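Q: This is the structure alone, sequence omitted:
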DNA sequence: AAGATAATAGTAATCATTATTATTAACAAA
DNA sequence: TTTGTTAATAATAATGATTACTATTATCTT
């Protein structure tokens, strides 16, 4: 049975107003403005809780720390190999690849994790200038 | 200019004979049999080198440490949500999703990282028994 | 208002990985 | 085959991200 907490509410709200998929550290620094004594552990625990409850999404890439997304609607992400930024990609779910994978696998396929690699519009623009 | 080293050769050979995508720790413990004084740092450095040179592949999942694959032929992986194992999935490259993603993105898409979630044949078998 | 307990702040611990450094091994040239 | 050069090593410390611990506080219930 999970009790309400103002810290968790603040974390949740911060995430719903951000679209750059901040890290726990960034969330910590920002929530600190409203709760100067908040602990990084509290941030991590609440991010886990919110993720479990399906209220936010956790994004793990091979580079850098985990990031968090307040938008739970199904969509994909592009990881910019230049600046390290993580951008939204509003593409419909490609769940047909699960079916395809299922035909090549003796076990059971229930889902997939996909992120794209590339260059964000900003980095691309800078490249052309030079 | 990269010098030959017996330790690196041993790591490489160990990986080409394993198909369960071991972690750096597992590789360390096994290579230790031939090189009792080998250091974990040496294992990590050589795994990075081999990955850079395209001789092995590094697999990062959101759960647990990185794993390494001696098979560099293009293929995918299934992460068993039951036992945590990582299995090969010999499916052709689904690079058409890059093109699809490109149509929804202002930047540039150069590739994708995908792994599937599911249950391996062994865990599935156990489940049916019970 | 009082009691029960989940959540917190503060901090220590853990885990995976990378960095540092003195020593050793691999290769090249004499 | 010795010698010189330099990359690779072993040993260890340091880092970064995350989780665990614990006494205190906030939230909810009665």
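A: In hand now; what should we look at? No experiment lies behind these values; they were computed from the predicted model shown.
Q: Which pLDDT does the model give the closest residue to residue A:56 other than its chain neighbours?
A: Excluding the flanking residues, the one nearest residue A:56 by Cβ to Cβ, 6 or more residues apart in numbering or on different chains is residue A:50, at 4.5 Å. The way it works is simple: take the backbone N, C-alpha and C, and place the C-beta from them, glycine included. pLDDT for residue A:50: 98.
Q: was I right about residue A:50 contacting residue A:13?
A: No - the criterion here is Cβ atoms under 8 Å, and residue A:50 misses it with residue A:13 at 11.1 Å.
Q: Of these two, give the one with the bigger neighbour count.
A: Legend: neighbour count by other Cβ atoms under 10 Å in any protein chain shown for residue A:50 and residue A:13, higher for residue A:50 (20 against 13).
Q: Would you mind pulling up the elements that the strand or helix carrying that one packs against?
A: Assigned by DSSP states H and E, residue A:50 falls within helix A:40-52. Where contact means 3 or more Cβ pairs under 8 Å, 6 or more residues apart in numbering or on different chains; DSSP states H and E, helix A:40-52 is packed against helix A:6-16, helix A:24-31, strand A:57-59.
Q: Among the ones you listed, which comes closest to residue A:42?
A: Closest approach to residue A:42 among the helices and strands packed on helix A:40-52 (Cβ to Cβ): helix A:6-16, 5.7 Å.
Q: does any part of that closest one sit near DNA strand C?
A: Yes - against DNA strand C, helix A:6-16 shows contacts by Cβ under 7 Å from any atom of the strand at A:7, A:8.
Q: what comes up buried for that helix?
A: Burial within helix A:6-16, assessed by neighbour count using 16 or more other Cβ atoms under 10 Å in any protein chain shown, is assigned to A:7, A:8, A:10, A:11, A:12, A:14, A:15.
Q: Do stretch A:81-94 and DNA strand C come into contact?
A: No - using Cβ under 7 Å from any atom of the strand, stretch A:81-94 never reaches DNA strand C; the gap is at least 14.6 Å.
Q: can you give me the end-to-end distance of that stretch?
A: 23 Å (Cα to Cα, to the nearest Å).
Q: next one: stretch A:69-82
A: End-to-end distance for stretch A:69-82: 21 Å, by Cα to Cα.
Q: Equivalent analysis for stretch A:86-93, please.
A: Its start and end residues considered, stretch A:86-93 measures 18 Å (Cα to Cα).
Q: Residue A:68 - how many residues pack around it?
A: Neighbours of residue A:68 (other Cβ under 10 Å): 22.
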